[in-house]
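*Asks:* Fold the following for me, if possible:
(2 chains)
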2 protein chains.
Amino acid sequence: VITALAGGVGAARFLRGLLDVCEPSDVTAIVNTGDDVVLHGLHVSPDIDTVVYTLAGAVNPETGWGLTGETWQAMDALERYGGLTWFRLGDRDLATHLYRTHRLGEGAALSEITSEIARAWGLHLRVVPMTDDRVETRLDVEGEGELGFQDYFVRLRHSVAVKAVRYAGAETADPGPGVIEALNDAATVVVCPSNPVLSIAPILAVPGIEETVAARRDDVVAVSPIVAGAALKGPADRLLLELGHEASVVGVARLYAPFVGTLVIDSADAHRAGDVEAEGVRCVVAPTVMHGPAEAAALARVVLDANA
Amino acid sequence: VITALAGGVGAARFLRGLLDVCEPSDVTAIVNTGDDVVLHGLHVSPDIDTVVYTLAGAVNPETGWGLTGETWQAMDALERYGGLTWFRLGDRDLATHLYRTHRLGEGAALSEITSEIARAWGLHLRVVPMTDDRVETRLDVEGEGELGFQDYFVRLRHSVAVKAVRYAGAETADPGPGVIEALNDAATVVVCPSNPVLSIAPILAVPGIEETVAARRDDVVAVSPIVAGAALKGPADRLLLELGHEASVVGVARLYAPFVGTLVIDSADAHRAGDVEAEGVRCVVAPTVMHGPAEAAALARVVLDANA
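*Replies:* Below you'll find the model as predicted:
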């Protein structure tokens, strides 16, 4: 039984590999919802949708998010009104948000709805939001003040300096149903190659989760999202630096040391393995860049073997 | 200056004719919002949209509502989830609801948003919701209990017996901004050929509107939506009967007599002109069935001449 903490694109690609090397019904993905946003009255859960669409083989391979073969009639029509179009919602993707919003309005929990959506796409792993409560990743941005995640990430394309990040609402949130049990029951807990500040930290900010992961530390394997000092995608490197961390596998090891026993780093960072271990974290060196399903499956095997 | 009370398809077609025979900026349409519904979290205003799309020449000519050349990707994708698809929202139409919902979330009034939408479609008349407050037409349906309008109209295709209709929230609603002034200032007030129970009555139920229309009675011209005992579209005939009225131009005259001075009836009903006048309503006989723009413009001319 494997339980993974997951953000968006990087986590989704890793999970696709994981499902190739183990029984899908043995896998639980605990997914970040700090990026969730209400747009036009619709509840959008970007990381959950990226995980589901990717595992269903329906994700747009060029962007890593959204649906392949998507159409954009609604967004194009919205331009007539000068509406909010910087967050582009495809026509078929809209259906997911319509369904989620409708079910939330009926009083269903996000976790229940997420199960329904995953089932509808034929998935057999469990996809669980980190919490059914509202947690919002908010960024204090130089010259802009505090912004919501999508304002920072999509509208400003994360090309602004961040002074601080907080996870509003986390302090009073409860872990999603089954989250603590899945962490306790897992043979291996995986921290997917996701942004440490924007994807993993919000999950850990939900009371009870970090403690539970830390208690499993010996069985926790993380994949570094930083390769050769840079993020493969997104602003993880820049954010780490801005928040006073080192943008390297060593910086990741230092951040993760309290709850991660083993860090998988890319072969490009092999020369830093000693520095990682100096942080008190076991280091495994392997190719971590997932160009396709074969690399993702190989990386998943490395992660499982690291805790065999 | 002309002010019209308007429902959906029939009213929209009449208004298109009216704009052909007078200065659009002299026309105010006060539109029913009793059919408004929140679907998937989105605020849908069916009658406003039908009026706007029709006047913009963008309406689907086959249905009389929705957009021409529409695509249905979102609704088709929603079927994967077993989502609510009996109320079909086209992809481009969705943009209107996304925009409206977004602006309502920002605190804008429905009247303000409606002006923005009408302007975006290049319209020069004023389109004003009957109220900025929430009024819901609710129907007590045999064997089903009380239903919302769209449940009755779209889901059950109005093929069920109605015992009573009420306009929930009307008693505490205020007329939309400028509604009372537009009624007071108009040379002619037109009651469009719309369902008397489901389109016109909700407008009149907003406190102040019926009194104001009644005070202008001599200048109020209605077009009968009933021709030869039947509604051209929808359940007006059936509803009139079920609620104890006569499904005929005479039944309409009796219902409208308190606030309408002149009723335009179709040539097919010429033999009932005397019975209409016996209800204390002046009767004008003319072709009222609008097969296209030419008939609509001719009917608009008849209405304006009736009060010349």
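
*Asks:* Next one: the residue of the stretch 101-250 of chain A found nearest chain B from residue A:94, what distance?
*Replies:* Here the stretch 101-250 of chain A gets closest to chain B at one residue, residue A:101, 3.7 Å apart by Cβ to the nearest Cβ. No exception for glycine: its C-beta is placed from N, CA and C like everyone else's. Separation of residue A:101 from residue A:94 (Cβ to Cβ, to the nearest Å) stands at 10 Å.

*Asks:* How about the residues of the stretch 1-150 of chain A by chain B?
*Replies:* Within the stretch 1-150 of chain A, the positions lying close to chain B (Cβ under 8 Å from any Cβ of the partner chain) are A:38-43, A:71, A:73-78, A:80-84, A:90-99, A:101-102, A:104-105, A:116-117, A:120-121.

*Asks:* Strands of the stretch 201-308 of chain A, residue ranges please.
*Replies:* Ranges of strands within the stretch 201-308 of chain A are A:220-223, A:226-227, A:230-231, A:262-266, A:282-286, based on DSSP state E, counting those that start in this stretch.

*Asks:* would you list those strands in a markdown table and tack on distance to chain B, mean neighbour count and mean pLDDT?
*Replies:* Formatted as a markdown table, these follow (distance: least, Cβ to the nearest Cβ, whole Å; neighbours: other Cβ atoms under 10 Å in any protein chain shown; pLDDT from 0 to 100):
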| stretch | distance to chain B | mean neighbour count | mean pLDDT |
| --- | --- | --- | --- |
| strand A:220-223 | 31 | 26 | 98 |
| strand A:226-227 | 35 | 23 | 97 |
| strand A:230-231 | 32 | 16 | 94 |
| strand A:262-266 | 35 | 25 | 98 |
| strand A:282-286 | 37 | 19 | 98 |
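
*Asks:* Those strands: which one's closest to residue A:110?
*Replies:* Residue A:110 sits nearest to strand A:220-223 of all those, at 25.1 Å, using Cβ to Cβ.

*Asks:* now the helices for the stretch 101-250 of chain A?
*Replies:* Under the criterion DSSP state H, counting those that start in this stretch, the stretch 101-250 of chain A carries helices at the ranges A:110-120, A:149-150, A:179-185, A:201-205, A:209-215, A:236-242, A:249-256.

*Asks:* Of all the ones you listed, which one is nearest residue B:8?
*Replies:* Using Cβ to Cβ as the measure, helix A:110-120 is the one of the helices of the stretch 101-250 of chain A that comes nearest residue B:8, at 33.0 Å.

*Asks:* which residues touch the closest one?
*Replies:* By Cβ atoms under 8 Å, 6 or more residues apart in numbering or on different chains, the surrounding residues in contact with helix A:110-120 are A:31, A:33, A:43, A:45, A:48, A:52, A:96, A:99-100, A:103-104, A:125-129, A:132, A:176-178, B:80-82.

*Asks:* now do 6 Å
*Replies:* Contacts to helix A:110-120, defined as Cβ atoms under 6 Å, 6 or more residues apart in numbering or on different chains, come from residues A:48, A:52, A:100, A:103, A:127-129, A:132, A:176-177, B:80-81.

*Asks:* before we move on, the earlier item: now render the strands of the stretch 201-308 of chain A as TSV, adding distance to residue A:138.
*Replies:* Listed next are the strands of the stretch 201-308 of chain A as TSV, based on distance: least, Cβ to Cβ, whole Å:
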stretch	distance to residue A:138
strand A:220-223	25
strand A:226-227	23
strand A:230-231	21
strand A:262-266	28
strand A:282-286	33
